[in-house]
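1. sequence unavailable; structure follows:
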């Protein structure tokens, strides 16, 4: 992957950090706006609002973490796994190592083609 200039861990971490930051900013903004309406003087409504917003934030964050974990696994296995296959060989690899063990014939496919002929 380095031959392509791609660092999968850095990419995934940047996305996860950006999502965490956006989530925190959104809930903080909402809470500040609502405390302005309800009043932040330490009253019961303000305390209940803070507690409710924190509960919702935790629910959203838990669900989002599960989804992002699935996304991270997908990226590692599918996206970056494919890129690894197409990565340029390192300079010290011999030409013999460059030939991938690719099966050029598939017996099942060959049989299917014969049947179609």
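-> Structure received. Note that the structure is a prediction, hence the values are computed from the model and not measured.
2. what segments of the protein are helices?
-> Using DSSP state H, the helices assigned to the chain run over residues 8-38, 44-74, 80-85, 95-98, 107-116.
3. turn the ones you listed into TSV, columns for mean pLDDT.
-> Listed next are the helices of the chain as TSV, based on pLDDT from 0 to 100:
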stretch	mean pLDDT
helix 8-38	90
helix 44-74	91
helix 80-85	63
helix 95-98	47
helix 107-116	75
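4. neighbours around residue 59, how many?
-> Per other C-beta atoms under 10 Å, the neighbour tally for residue 59 reads 10. Yep, even glycine has a C-beta here, placed from its N, CA and C like the rest.
5. please shift the residue numbers so they start at 36 in all later answers.
-> Let's use 36 as the start, then, which means that last one is residue 94.
6. so who does it touch?
-> By C-beta atoms under 8 Å, 6 or more residues apart in numbering, residue 94 lies in contact with nothing.
7. repeat that for residue 99.
-> With C-beta under 8 Å, 6+ apart, residue 99 has these contacts: 54, 58.
8. could you check how far it is from residue 107?
-> Separation of residue 99 from residue 107 (C-beta to C-beta, to the nearest Å) stands at 12 Å.
9. just residue 68 next, same as before
-> Between residue 68 and residue 107 the distance is 32 Å, computed by C-beta to C-beta.
10. those two: who's more crowded?
-> When neighbours are counted by other C-beta under 10 Å, residue 107 comes out ahead of the other of residue 68 and residue 107, with 16 against 10.
11. ok, the more buried one touching residue 48?
-> No. Using C-beta atoms under 8 Å, residue 107 makes no contact with residue 48, being 9.5 Å away.
12. which parts of stretch 89-98 are buried?
-> Using 16 or more other C-beta atoms under 10 Å as the burial criterion, the residues of stretch 89-98 that qualify are residue 92.
13. oh, I was asking about stretch 40-48
-> 43, 47.
14. same check on stretch 101-112?
-> Residues of stretch 101-112 classed as buried: residue 107 (neighbour count, 16+ other C-beta under 10 Å).
15. ok, stretch 57-70 next?
-> Using 16+ other C-beta under 10 Å as the test for burial, stretch 57-70 gives 62, 66, 69, 70.
16. residues contacting it, please?
-> Stretch 57-70 is touched from outside by 81, 84, 85, 88, 91, 92, 95, 96, 99, with contacts defined as C-beta under 8 Å, 6+ apart.
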